[in-house]
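Q: how does the following fold in three dimensions:
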Amino acid sequence: MAREPEAQDGRDRAGARASAYPVEEIAAAWERERPGTPVSSIGIVTPIWQLAKLLGDDRRRVLTRAGVDPATLDLLSVLRRGGAPYTLTTRELGRRSMVTAGAVSQRVARAEREGLVTRRPGEGRPRTVLVELTPAGHELVEATVDQVLYREAELIDGLTPGQQTQLAGLLRTLLQDTQRKLGDDRISQVGDV
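A: All right, here's what the predicted structure looks like:
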């Protein structure tokens with residue numbers, strides 16, 4: 001549906017002043033239309049949704065330019081963060097990536113075809129499979145992580161270091177409390193590097 005253009009003085013079609021921050025306008029409209037309805041979450045949840053969309057889209061663009069998909073980067077990042085010798089069992093990969101065994105198997109197979117990892121049987125346990133980062137995988141994850149993290153640092157540099165620390169703490173508290181209330185302490189791989 002096409003949006004009506006705003007008038008030159010910043011007023012929309014209905015004559016109300018257009019808000020520089022629409023979240024406040026949304027909250028005010030609900031307060032006006034439904035007095036007593038709690039609207040405090042709008043100022044928090046709506047910007048989080050908007051930021052998630054913007055940050056996710058930007059990360060996809062960075063990864064596309066780097067030639068790697070998010071699932072492969074997640075696999076390579078988990079192996080790289082594990083430290084030398086950059087080898088983990090498929091079970092440990094699933095636990096650290098917070099994805100199913102089937103998803104780990106698909107990721108490993110794809111990365112192995114691309115020469116980014118190798119896999120071999122583990123010692124001592126017949127069903128254990130070890131996945132190891134190859135030199136090509138190591139090179140790709142190093143370059144890609146730098147691109148992602150430098151870009152994301154650029155996107156948040158409008159906040160002072162103190163504000164960044166404060167926001168990180170508040171988001172951690174909000175996430176943990178929400179997980180507790182929902183009975184769901186899983187965190188998807190989305191956003192992990």
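Q: for the rest of this, base every contact and every neighbour count on C-alpha atoms.
A: OK.
Q: how near is residue 66 to residue 89?
A: 27 Å (CA to CA, to the nearest Å).
Q: for stretch 88-108, which positions count as buried?
A: By neighbour count on 16 or more other CA atoms under 10 Å, the buried set for stretch 88-108 is 88-94, 96-98, 104, 107-108.
Q: just how off-centre is that stretch within its chain?
A: Here stretch 88-108 is found 18 Å from its chain centre; the criterion is CA atoms, centre = their mean, to the nearest Å.
Q: how about stretch 112-130?
A: 28 Å.
Q: show me this structure divided up by domain.
A: Split into domains by automatic domain parsing, the chain comes to 20-66, 68-193.
Q: wait, residue 88 touches residue 79, no?
A: Yes. Taking contacts as CA atoms under 8 Å, residue 88 lies within contact range of residue 79: 6.7 Å.
Q: need the overlap of contacts for those two.
A: Shared contacts of residue 88 and residue 79, defined by CA atoms under 8 Å, 6 or more residues apart in numbering, comprise residue 132.
Q: residue 132: what secondary structure?
A: strand (DSSP: H, G, I helix; E, B strand; the rest coil).
Q: can you report how many residues lie near it?
A: When neighbours are counted by other CA atoms under 10 Å, residue 132 registers 24.
Q: dump the strand or helix carrying residue 96 to PDB, restricted to CA.
A: Taking DSSP states H and E as the definition, residue 96 sits inside helix 90-97. Provided in PDB are the C-alpha atoms of helix 90-97 (Å, rounded to 0.1, in the frame of the first residue of the first chain):
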ATOM      1  CA  THR A  90      30.200 -32.700  16.100                       C
ATOM      2  CA  ARG A  91      28.400 -33.000  19.500                       C
ATOM      3  CA  GLU A  92      30.400 -30.100  20.800                       C
ATOM      4  CA  LEU A  93      29.800 -28.100  17.600                       C
ATOM      5  CA  GLY A  94      26.000 -28.500  18.100                       C
ATOM      6  CA  ARG A  95      26.200 -27.500  21.700                       C
ATOM      7  CA  ARG A  96      28.300 -24.400  21.000                       C
ATOM      8  CA  SER A  97      26.300 -23.400  17.900                       C
END
